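# Predicted structure and sequence below. I'll ask about it afterward.
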Amino acid sequence: MNPRNDMNYTMLCDFYELTMGNGYLNCGYRDRITYFDVFFRSVPDNGGFAIAAGLEQVIDYIEDLHFSDEDIAYLRGRNIFSEDFLEYLKNFKFTGDIYAVPEGTPVFPKEPLLTVRAPAIEAQLIETFLLLAINHQSLIATKANRVVRAAQGRTVLEFGSRRAQGADGAVLGARAAYIGGCAGTACTISDQKYGVPAGGTMAHSWVQMFDTQYEAFKTYCEIYPTNAVLLVDTYNTLKSGIPDAIRAFNDVLKPKGITKCGIRLDSGDMAYLTRRARKMLDDAGWTECQIVVSNSLDEHIIQDIIQQGACIDTFGVGERLITAKSEPVFGGVYKLTAVEDANGVITPKIKISENTAKITNPHFKKLYRFFGNDTGKAIADYICVYDETVDDSKDIVIFDPDATWKKKTVTDFTAKELQVPVFKNGKLVYNKPSLEEIKKYCAEQIDTLWDEVKRFDNPHNYYVDLSQKLWDIKYQLLESNN
């Protein structure tokens with residue numbers, strides 16, 4: 001989805017992708033096959049897991065890759081690119097392979113969310129957009145799921161469009177929040193483009209527009225009798241807001257036999273006010289009236305006010321969700337892991353750093369998840385070399401790659417390969433699921449995680465282990481580069 005129809009997202013790349021591409025062409029690396037992984041190093045908010053999202057936008061981007069005449073003219077005007085490179089860009093398209101974990105999959109640090117196998121220039125030029133798409137939506141889907149879990153089964157709506165960082169931040173953020181578990185959004189275009197259910201009621205300006213609050217409420221109930229949710233805190237919530245709402249419900253909805261209605265609170269002490277509001281509504285016979293709250297909510301505030309006995313049916317969560325305010329960077333990176341020669345021989349590559357967290361896992365790899373047959377729960381993830389296969393009919397010994405003496409024998413399990421082919425030889429081979437299917441899949445997969453992994457405070461460290469073969473290759477590369 002492109003809010004700016006005149007913008008060619010092929011040009012949404014770091015400038016050094018182009019200078020490196022020009023260099024690869026000039027030194028004969030144009031057709032050299034490379035392997036790159038997209039992965040992240042830590043879970044936002046010190047959580048136990050993240051949620052992969054953004055693959056659909058990657059697919060749309062790859063299918064539309066091209067350089068226009070205007071793009072070529074701009075690059076020629078920079079006076080640093082060779083004519084051979086500019087000629088190459090005129091017919092540019094993606095011809096490689098992409099493998100990825102499906103959207104909605106719970107994922108963990110250091111495992112490949114997406115793998116690119118492509119000629120060097122192609123693989124390099126797509127780096128920026130791949131990271132942008134996956135980093136943004138994975139971040140918002142992860143944050144949304146934390147908020148949804150804090151709500152303990154109550155409805156959560158995404159309300160953050162006006163505070164998002166730009167149009168894509170709002171539109172695609174709403175999409176990602178829906179994947180993460182939100183029930184809908186205030187963002188109309190996200191409904192139009194992606195099918196994220198959009199809804200809303202009124203702002204304080206509606207109430208202020210009328211001579212009296214009661215008139216504002218009564219009029220709204222008359223216009224929208226089946227969706228009458230009234231904002232009751234424009235003036236005084238308990239003294240006039242809720243009484244006027246009850247009066248409007250009685251005068252307009254009750255004669256029609258309508259019992260479905262609601263009130264919304266956007267300020268004040270939510271725990272106290274919703275308890276009082278619930279009693280006032282129940283005493284007036286409006287026991288089915290829903291209470292909606294908003295106002296700078298996040299998972300911690302929601303968790304606290306529920307513990308304080310708040311009577312809330314729906315949370316509208318805005319700025320702290322759509323911007324992931326507590327930790328607004330996902331931190332995914334794109335690293336070269338192998339190169340392939342003309343004979344098909346794959347040579348693993350590694351990046352070494354004094355910061356051990358930045359040392360990469362080399363080679364073209366597979367990613368498995370082990371599920372216990374007795375519980376259906378995820379036991380561990382397992383990264384191995386592309387030519388290895390896990391036989392889950394036999395026991396397997398896994399070990400912590402950072403503390404190799406920590407070992408575990410996994411028995412009675414099912415091994416599922418997490419990455420699926422998305423592009424082969426530049427052709428889309430993946431059937432894109434609907435957004436509803438992604439959302440359902442996400443909820444099902446999160447249910448396979450133990451509660452210890454899902455808790456907010458000091459979550460259990462879910463293990464992502466390396467096969468012995470991959471660990472040996474990594475160790476040898478570390479030794480040889482010392």
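Sure thing, it's come through. Residues are numbered from 1 along each chain as shown.

# Only C-alpha atoms from now on, for both contacts and neighbour counts.
Fine.

# Once you drop chain neighbours, what's closest to Ile315?
Wrong residue type there; residue 315 is Phe, not Ile. Val156 (4.8 Å; C-alpha to C-alpha, 6 or more residues apart in numbering).

# mind checking how far the one you found is from Asp298?
Distance of Val156 to Asp298, computed by C-alpha to C-alpha, to the nearest Å: 11 Å.

# list residues touching both of those two?
Residues touching both Val156 and Asp298 by C-alpha atoms under 8 Å, 6 or more residues apart in numbering: 147, 317.

# follow-up on the earlier one: after the helix or strand hosting the residue nearest to Phe315, which helix or strand is next? Please name it.
Element membership of Val156, judged by DSSP states H and E, is strand 155-158. Once strand 155-158 ends, the next helix or strand along the chain (criterion: DSSP H and E) is helix 166-180.

# List the buried residues in stretch 441-456.
For stretch 441-456, burial by neighbour count (16 or more other C-alpha atoms under 10 Å) applies to 441-443, 446, 448-450, 453-456.

# and stretch 306-316, which residues are buried?
So stretch 306-316, judged by 16+ other C-alpha under 10 Å, has buried residues 306, 310-316.

# Closest one of those residues to Asp31?
Checking the buried residues of stretch 306-316 against Asp31 by C-alpha to C-alpha gives Gly316 as the nearest, at 50.7 Å.

# gap between the closest one and Ser138?
20 Å.

# again, but for Gly96
To Ser138, Gly96 is 24 Å away according to C-alpha to C-alpha.

# more neighbours, these two?
Ser138 (31 against 19; other C-alpha atoms under 10 Å).

# re the thing from before, in helices only, show me the buried residues of stretch 306-316.
The helices, defined by DSSP state H, take in Ile306 from those.

# Tell me which of the buried residues of stretch 306-316 fall in strands.
314-316 (DSSP state E).

# Those residues into JSON lines, with extra columns for pLDDT and distance to His363?
Output for these, formatted as JSON lines (pLDDT from 0 to 100; distance: C-alpha to C-alpha, whole Å):
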{"residue": "Thr314", "pLDDT": "97", "distance to His363": "47"}
{"residue": "Phe315", "pLDDT": "97", "distance to His363": "45"}
{"residue": "Gly316", "pLDDT": "96", "distance to His363": "44"}
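
# What is the burial count for Thr356?
Around Thr356 there are 9 other residues, counting by other C-alpha under 10 Å.

# Who are the contact partners of Asp457?
Contact analysis of Asp457 by C-alpha under 8 Å, 6+ apart lists Gly47.

# for Ile291, same thing?
By C-alpha under 8 Å, 6+ apart, Ile291 lies in contact with 262-265, 274, 278, 311-314.

# which regions of the chain sit below the pLDDT cut-off?
Along the chain, segments meeting pLDDT under 70 span 1-5, 482.

# Nearest the geometric middle of it, what residue?
Ser138 (2.5 Å; C-alpha atoms, centre = their mean).

# So it versus Phe36, what's the distance?
Ser138 sits 19 Å away from Phe36, going by C-alpha to C-alpha.

# Just give me the neighbour total for Tyr214.
For Tyr214, using other C-alpha under 10 Å, the count is 19.

# That one: what's it in contact with?
Residues near Tyr214 by C-alpha under 8 Å, 6+ apart: 244-245, 247-248.

# let's see 6 Å
Asp244 (C-alpha atoms under 6 Å, 6 or more residues apart in numbering).

# Roughly how far does it sit from Asn250?
12 Å.

# What of Asp60?
As judged by C-alpha to C-alpha, Asp60 and Asn250 stand 51 Å apart.

# which of the two has more neighbours?
Set Asp60 next to Asn250 and count neighbours by other C-alpha under 10 Å: Asn250 wins out with 18 against 11.

# Tell me how far the more buried one lies from Leu131.
Separation of Asn250 from Leu131 (C-alpha to C-alpha) stands at 54 Å.

# Surely His300 is in a helix?
Yes: looking at His300 with DSSP: H, G, I helix; E, B strand; the rest coil, it is inside a helix.

# Find the nearest non-adjacent residue to it, please.
In space, His300 is closest to Ala150, 7.4 Å off (C-alpha to C-alpha, 6+ apart).

# Let me know whether the one you found touches Ile305 as I believe.
No: the pair Ala150 / Ile305 is not scored as a contact, 10.3 Å apart, by C-alpha atoms under 6 Å.
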